[in-house]
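Asker: I'd like to go over a predicted model; first the sequence, then the structure.
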Amino acid sequence: MQEISFSRKSELAIHHRIHTSEKLYECNECKEAFSYNIAFTNHQRIHAGQKRCECTECGKAFFWKSELIVHSRTHTGKKPYKCTECGEVFSTKSFLTIHHRSYTGEKPCICSKCGNDFSPGSRLIKHQRIPSQEKSSI
């Protein structure tokens, strides 16, 4: 696992939420909860109908220009991120990162109950929902 350091204790506490699923911010309108204030603030824009960036191809609107840029690749087919191992190309850096883990074997999602590790987008959440007595019999 990768070591990460923080210059402030508050930054470590915020990062820790990734691993604990702690959600401190709750929407009063729909009760959805968020780990980070920025995600909560973005969510509130949904209820307010505030979308600033609109796709000229299909009219879909986004809160951030970066979201629009990524979305526009669905129309252009542009895939600017290339795997140095096999040459496969991806539309987002995060897709390339996930693909790259197939070479490194990195599994950054760890179950806090049993210590098993999983790849992102894998079965960690499903695994955590299974009662521990059922896991021992599997």
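Answerer: On my side now, so go ahead.
Asker: how about the helix or strand where I46 lies as PDB, C-alpha atoms only?
Answerer: Secondary structure assignment for I46, by DSSP states H and E: helix 37-48. In PDB, the C-alpha atoms belonging to helix 37-48 read as follows (Å, rounded to 0.1, in the frame of the first residue of the first chain):
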ATOM      1  CA  ASN A  37     -18.100  19.200   2.100                       C
ATOM      2  CA  ILE A  38     -17.300  19.800  -1.500                       C
ATOM      3  CA  ALA A  39     -19.400  16.800  -2.600                       C
ATOM      4  CA  PHE A  40     -22.200  18.000  -0.300                       C
ATOM      5  CA  THR A  41     -22.000  21.500  -1.800                       C
ATOM      6  CA  ASN A  42     -22.100  20.100  -5.400                       C
ATOM      7  CA  HIS A  43     -25.100  17.900  -4.400                       C
ATOM      8  CA  GLN A  44     -27.000  21.000  -3.200                       C
ATOM      9  CA  ARG A  45     -26.700  22.500  -6.600                       C
ATOM     10  CA  ILE A  46     -28.900  19.600  -7.900                       C
ATOM     11  CA  HIS A  47     -31.800  20.700  -5.800                       C
ATOM     12  CA  ALA A  48     -31.100  24.400  -6.700                       C
END
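Asker: strand partners (parallel or antiparallel) of the helix or strand just after it?
Answerer: The helix or strand immediately downstream of helix 37-48 is strand 53-54, counting by DSSP H and E. In the sheet, strand 53-54 lines up against strand 61-62 (antiparallel) (DSSP bridges).
Asker: got the buried residues for the next helix-or-strand element following the strand it pairs with?
Answerer: Next in sequence after strand 61-62, counting helices and strands by DSSP H and E, comes helix 65-76. Residues E67, L68, V70, H71, S72 are the ones in helix 65-76 that count as buried (16 or more other CB atoms under 10 Å). (C-beta placed from N, C-alpha, C; glycine too.)
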